[in-house]
Each structure stands twice: as structure tokens, then as C-alpha cells.
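> Provided below are the primary sequence and the corresponding predicted coordinates.
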Amino acid sequence: MEITGDIKYVGVNDHEIDLFEGMYTVENGMAYNSYVIMDEQIAVLDTVDARFGEEWLKNVDCVLGGAAPAYLIVQHMEPDHSANIAKFMEAYPNTRIAASAKAFTMMKQYFGTDFSDRQTVVKDGDTLSLGRHSLTFVAAPMVHWPEVIVTYDALDKVLFSADGFGKFGALDVDEDWACEARRYYFGIVGKYGVQVQNLLKKASALDIETICPLHGPVLKENLGYYLDLYNTWSSYSVESEGVMIAYASVYGNTKQAALLLADKLREKGCPKVVVNDLARCDMAEAVEDAFRYGKLVLASITYNGEVFPFMREFIHNLTERNYQKRTIALIENGSWAPAAARTMQKMLEGCKDLAFTEHTVKIMSALNEESTAAIDALAEELCKK
């Protein structure tokens, strides 16, 4: 794939993987992206997952056409991008590695060597001339590892964005960008909103026409759309008006309450209502929905004096990703000592800028006239806020 006249794509598609990072379902696989800049001095940007080393090296060799690269630029040391550094340096022994100081420390940990005789240590604002192409390195610590740098090519106005603007899914599959990019962002990068905001501020000073991430498609058109979404996500702002209901039920009574609330919200004209059964849904999808919409309803049985384990896991996923700036409603069920609402609110007490609804629904075993009326009142309140 040709990105520009001088920049070529040499990445690979992975359809063997079922769980990315051991936890994220990827039905359409993953792409591990790598790029080559052809110039007086040739630079290769990043490697790929270990399982695709031979395929990647063949891709690189095909583009090089017998030429020797001057630099391997390592932007991110996570193994899906760095696993083939040693193989590459063995294949091209005269190549230097350009990377941050922290990246070289990690190379020593992974490969037993930091390639000390072939290091070019770069930091924020450093430049590297390849000839016509001048590269500027931008430090992006904790987006989402501490060693990360991104690279800007001034000639072709290309930002090589490391894991920023990445998404789940191989490149030979046609799917909506935002859905899988959102799930990827909040699952993997979501904790580091402040750091992403810092990077976006630096990027705003650059004249960018193309974004080349390490996962997902190269972005060339309507860049404002992608940048706006990243700004919304990383500032924890509400992307879409609507209500997400997450429930944990054992015998179906809490589920019935959650579905009843969803029906009432729709009847009252709520713009969007999404319901997730936390025992059965993709947890990453549920987390994505919680960050996408402005209102979240948590409905759980009382279990061992607390909440059902799937609800506990869900809330933990939110809090460790700095969940904030949302309206929260609570539904609890308990046959003799309801405690779920109190537990859920306590679990969220460290989150910033959460507003809890006036109405909390308490169910004693099963819905009755009183709790049904409470659900109706909660629906009315959620539609007004």
C-alpha cells in the first residue's frame, strides 16, 4: 500500500487472534501497522507481532528493493509492535535505532541488549533528516506506555501516531471506524485522558494531512472528525445523548426492572437507550457504552452483602479508567437486606463530577406496585436531566 509517493505500508493482518491483549474480543482480527519512508536515508517505523515476523520482513524487503535502511524508528515497545526488533537488526546490521531513552531500557529487558552501538536516542522536539523528509519526534508519555514517541513528517504532513487513533480489526475487513476505535480507546487508553489531551495540544500545532496509526486504517479524509472524537473521549465529555442501563440479575427480577425502565424511557422520548446484561455481554462493549452516553443506570441484586460479581467488575472497569462527568441512577434488589445501591455508590465515590439521581429504586425480591411506580419516577427524572 502506498501512503504517499515516498511512504509505503508494510504491516500485516492477523486473523488468527481471538483475544487482543488476552481480554478484548476481536472478531475481525487485528492489524499491526509498519511503514517505510524512502529517501536518501531510509527509515522503517516499528515492527509487528512476533508471529508475523517473517511476513513483515518480506514486506519490508519488497519495498526496499535491495536498499539498506538507515534507521528503525521505534515509537512504542509493546510486543505487538516491537517483537521483531532483534530480527530486523540482525537482517540489517548497519541500521541504527531511533527511540526514546526509556524504549532502549525496555529493549534490554526484552532482548538482553539495548543495541548500544547503534542507538540514536531522541526526545521531544528532536529532528532527524532523511534527506527531503525531516522527521520531528513528539514525546507522548503514557499514551499509553511511558516510552512512547510519535513522529511527524513535515514534507508529506504525516503524523505517525503510535497507538493513538488505533482500532480493533484487520485492514481487509470493512467495518465502522468509530465503534471499534471507541472500544479500543476506552479499553486500552481510556485511563490516560490527560496525557492524550497533552498530545492533542502538541498535534494541533502541526499541519497534518494523514494519520498513520499502529493499528487500524490510515486516516486521510475528514481528519477533523477523528480529532474531535479523540478530544471528546480524552476529555471524558459526553459523545451522545442517551441512557445506558447495565444490569446484573440472577432469577430475572432485576432484569425485568431494567427492561421496564428501558421501555418507559423510550415511551418518554429518550433519544437513545442501550441495555447490557453484564453476565453475558462483551464487557469492553459495556464500558464503551458507559463512556459514550451521558446517563448510566446500574441495576444489581444484593449478593453476599454487596453487589453481584459482574457488576463489581463493571464498576471497577469504569473507575480504573477515570469515569466522570455523568449522571448515575441506581436500582437495587434484595430479598432481606438490600445493600447494592449503597455499595455501588461507594465504589464510585472517587469519580469526579458524578451526579446521582434523586430517585433510587429498591426492589424487595420482585417488582410490585411501589417499585414499579419508582421506576416510572426514575424514567421521568432521567428524561428531564
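Okay, I see it. Remember, it's a predicted structure, so these values are computed and weren't measured experimentally. Numbers count the residues shown, from 1 in each chain.

> CA atoms for contacts and neighbours, from now on please.
Will do.

> Tell me which strands the top strand by length along the chain pairs with, and in which orientation.
Criterion DSSP state E: the longest strand present in the chain is strand 293-303. When pairs are called by DSSP bridges, strand 293-303 turns out to pair with strand 240-248 (parallel), strand 306-307 (antiparallel), strand 327-333 (parallel).

> what residues does it touch?
238-250, 254, 258, 290, 307-309, 311, 325-334, 337-341, 344, 382 (CA atoms under 8 Å, 6 or more residues apart in numbering).

> A helix includes Y225, no?
Yes: assessed by DSSP: H, G, I helix; E, B strand; the rest coil, Y225 belongs to a helix.

> What is the neighbour count of L214?
29 (other CA atoms under 10 Å).

> residue contacts, it?
Per CA under 8 Å, 6+ apart, neighbours of L214: A31, Y32, N33, S34, H81, F160, S161, A162, D163, G164, G166.

> ok, 7 Å please
Counting by CA atoms under 7 Å, 6 or more residues apart in numbering, L214 makes contact with Y32, N33, S34, A162, D163, G166.

> swap in E2?
By CA under 7 Å, 6+ apart, the contact list for E2 reads K8, Y9.

> And it, how far from A379?
Distance check for E2 against A379: by CA to CA, to the nearest Å, it reads 52 Å.

> same question, G5
In terms of CA to CA, G5 sits 56 Å off from A379.

> I figured M1 hits G11, correct?
No: under the criterion of CA atoms under 7 Å, M1 makes no contact with G11, lying 9.2 Å away.

> coming back round to it: now restrict the contacts of strand 293-303 to buried residues only.
Neighbour counting with 16 or more other CA atoms under 10 Å marks 238, 242-249, 254, 258, 290, 307-308, 311, 325-334, 338-341, 344, 382 as buried within the contacts of strand 293-303.

> so where does A258 fall, helix or strand?
Under DSSP states H and E, the secondary-structure element containing A258 is helix 253-267.

> ditto for V275
Following DSSP H and E, one finds V275 within strand 273-277.

> Compute the number of surrounding residues for the closest residue to W336 other than its chain neighbours.
Computed as CA to CA, 6 or more residues apart in numbering, the closest residue to W336 that is not its neighbour in sequence is M364, at 7.3 Å. M364 has 16 neighbours, counted by other CA under 10 Å.

> contacting residues for D263?
Contacts of D263 by CA under 7 Å, 6+ apart: none found.

> can we see that at 10 Å?
A257, C270, V273, D376, A379 (CA atoms under 10 Å, 6 or more residues apart in numbering).

> closest to S204 among those residues?
Within those, the smallest distance to S204 is 34.6 Å, found for V273 (CA to CA).

> coming back round to it: state the pair within the contacts of L214 that is farthest apart.
S34 and G166, at 12.8 Å, using CA to CA across the contacts of L214.

> which residues do the two both contact?
In contact with both S34 and G166: C212, P213, L214, H215, using CA under 10 Å, 6+ apart.

> List the buried residues in stretch 192-202.
Those would be Y192, G193, Q195, V196, Q197, L199, L200, for stretch 192-202 by 16+ other CA under 10 Å.

> Tell me the backbone dihedrals of A98, please.
Dihedral angles of A98 (phi, psi; degrees, to the nearest 10) stand at phi -100, psi 120.

> Touching, it and T120? I think so.
Yes: using CA atoms under 10 Å, A98 makes contact with T120 at a distance of 4.6 Å.

> In terms of neighbours, single out the busier of those two.
A98 (24 against 19).

> which residues touch that one?
Neighbouring residues of A98 by CA under 10 Å, 6+ apart: 43, 45, 70-75, 104, 118-123, 128, 137.

> Just the ones of the contacts of L214 in helices?
If you go by DSSP state H, the contacts of L214 have nothing in helices.

> Now rank those by neighbours and give me the top one.
N33 (30 neighbours).

> and the nearest residue to that residue once chain neighbours are set aside, how many neighbours?
Distance criterion CA to CA, 6+ apart; nearest residue to N33, sequence neighbours excluded, is G11 at 4.2 Å. G11: 25 surrounding residues under other CA under 10 Å.

> Now the phi/psi pair for G11, please.
phi -80, psi -170.

> who's in contact with it?
Contact partners of G11, counting by CA under 10 Å, 6+ apart, are 1, 31-36, 46-49, 52, 55-57, 59-60, 171, 214-215.

> Sitting in strands, which of those do you find?
Counting by DSSP E, the part of the contacts of G11 found in strands is A31, Y32, Y35, V36.

> from the residues you listed, which single one is nearest R280?
A31 (27.0 Å).

> my read: the closest one touches T47, true?
No: A31 is beyond contact range of T47, at 11.8 Å (criterion: CA under 10 Å).

> higher neighbour count, those two?
Using other CA under 10 Å as the criterion, A31 and T47 rank with T47 on top: 34 against 25.

> Could you chop the protein up by domain?
7-234, 240-380 (automatic domain parsing).

> measure the residue nearest to the spatial centre of the chain to F291 for me?
Note on the chain: the residue nearest the mean C-alpha position is Y185, at 1.6 Å, using CA atoms, centre = their mean. From Y185 across to F291, the span is 11 Å (CA to CA).

> So for those two, which residues contact both of them?
Joint contacts of Y185 and F291 (CA under 10 Å, 6+ apart) are W233.

> got a list of what the residue lying closest to K220 once chain neighbours are set aside touches?
Spatial nearest neighbour of K220, excluding adjacent residues (CA to CA, 6+ apart): T210 at 4.6 Å. Going by CA under 10 Å, 6+ apart, T210 touches 3-4, 152-153, 156-160, 218-223.
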